[in-house]
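**Student:** this one's structure only:
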């Protein structure tokens with residue numbers, strides 16, 4: 001499709017508002033346009049798409065199946081435009097945005113508690129923090145600092161080691177048999193909770209103790225450690241997680257370690273930043289802050 005035939009942002013805004021309100025009149029009021037202008041924009045959009053976006057049922061608008069499909073995509077586009085605009089409004093001014101990515105549970109349990117006070121030392125820097133699990137290109141994604149777990153290497157980036165990791169099994173106190181556990185393999189009777197990001201974790205944990213079980217990969221699977229920990233607290237089974245992520249629950253008696261063997265992971269947690277941003281003030285200030293809090 002030629003770019004000149006692509007719909008305008010105004011047309012997409014009119015469609016989105018009309019779909020949300022199911023009314024051209026209310027959409028016009030929100031956008032400070034006339035009702036006829038909104039109706040015309042939507043009609044032009046339908047002409048470009050060659051699909052009807054609305055139909056009238058008892059004098060009310062109803063979004064068509066094609067309209068519902070397109071609405072999802074339009075909202076993504078409008079959200080991206082808004083985010084990019086906000087980014088540029090802050091770029092190079094007195095206030096700057098620092099884009100940070102982190103692993104979900106690591107960010108919630110380790111990173112965020114260490115951010116308290118950063119705003120007062122660097123009042124001109126606004127943090128924009130997002131969860132990322134899969135590898136990505138720092139430069140293409142406009143990320144200034146990334147926290148990750150791995151070997152300590154990231155293409156075109158400098159990496160700083162933050163901490164090692166030891167994996168421990170945890171479960172609700174009530175899940176442990178009255179007589180305790182006298183063999184690590186007995187944990188398989190409690191249901192092994194699996195973490196999608198560490199599919200080999202239970203196998204490695206048992207192997208390090210000279211044990212083997214066919215159940216190493218069996219059990220409910222969770223996307224994040226946070227979900228696995230929550231399941232363990234609820235009595236759904238035993239989770240194998242980094243010790244530092246469950247210190248609060250262990251101290252509060254909400255979780256217990258049924259078998260005291262900790263497996264030191266081969267990898268560790270790192271901070272990465274693009275090589276060319278090493279001396280950018282907002283990036284250097286954030287890195288220095290994090291290293292102080294380690």
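**Tutor:** Everything's here; your move. Quantities reported herein were computed from a predicted structural model and do not represent experimental measurements. Numbers count the residues shown, from 1 in each chain.
**Student:** Show me how this structure divides into domains.
**Tutor:** As assigned by the TED database, the chain contains the domains 9-90, 96-163+268-293, 165-265.
**Student:** As CSV, those domains with mean neighbour count would be great.
**Tutor:** In this view, the C-beta of every residue, glycine as well, is placed from N, C-alpha and C. Shown next, in CSV, are these (neighbours: other C-beta atoms under 10 Å):
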stretch, mean neighbour count
domain 9-90, 15
domain 96-163+268-293, 16
domain 165-265, 17
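**Student:** The stretch 151-294 of the chain: helices as residue ranges?
**Tutor:** Under the criterion DSSP state H, counting those that start in this stretch, the stretch 151-294 of the chain contains helices at 201-207, 225-233, 247-251, 281-293.
**Student:** could you redo those as a markdown table and give each row mean pLDDT and distance to residue 215?
**Tutor:** Listed next are the helices of the stretch 151-294 of the chain as a markdown table, based on pLDDT from 0 to 100; distance: least, C-beta to C-beta, whole Å:
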| stretch | mean pLDDT | distance to residue 215 |
| --- | --- | --- |
| helix 201-207 | 97 | 8 |
| helix 225-233 | 97 | 16 |
| helix 247-251 | 96 | 24 |
| helix 281-293 | 96 | 39 |
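**Student:** Would you mind saying which of those lies nearest residue 191?
**Tutor:** Counting by C-beta to C-beta, residue 191 lies closest to helix 225-233 out of the helices of the stretch 151-294 of the chain; the figure is 9.2 Å.
**Student:** list the helices and strands that closest one packs on?
**Tutor:** helix 104-106, strand 192-195, strand 238-242 (3 or more C-beta pairs under 8 Å, 6 or more residues apart in numbering; DSSP states H and E).
**Student:** Let me know the angle separating that helix from strand 238-242.
**Tutor:** 140 degrees (axes from the mean of the first three to the mean of the last three C-alpha atoms, to 10 degrees).
**Student:** List of residues touching helix 225-233?
**Tutor:** 104-105, 108-109, 170-172, 193-195, 197, 220, 222, 237-239, 241-242, 245-246, 249, 254-255 (C-beta atoms under 8 Å, 6 or more residues apart in numbering).
**Student:** starting at the chain centroid, how far to that helix?
**Tutor:** 16 Å (C-alpha atoms, centre = their mean, to the nearest Å).
**Student:** picking up where we left off before, between the helices and strands packed on helix 225-233, which one is closest to residue 22.
**Tutor:** Proximity to residue 22 (C-beta to C-beta) singles out helix 104-106 among these, at 35.9 Å.
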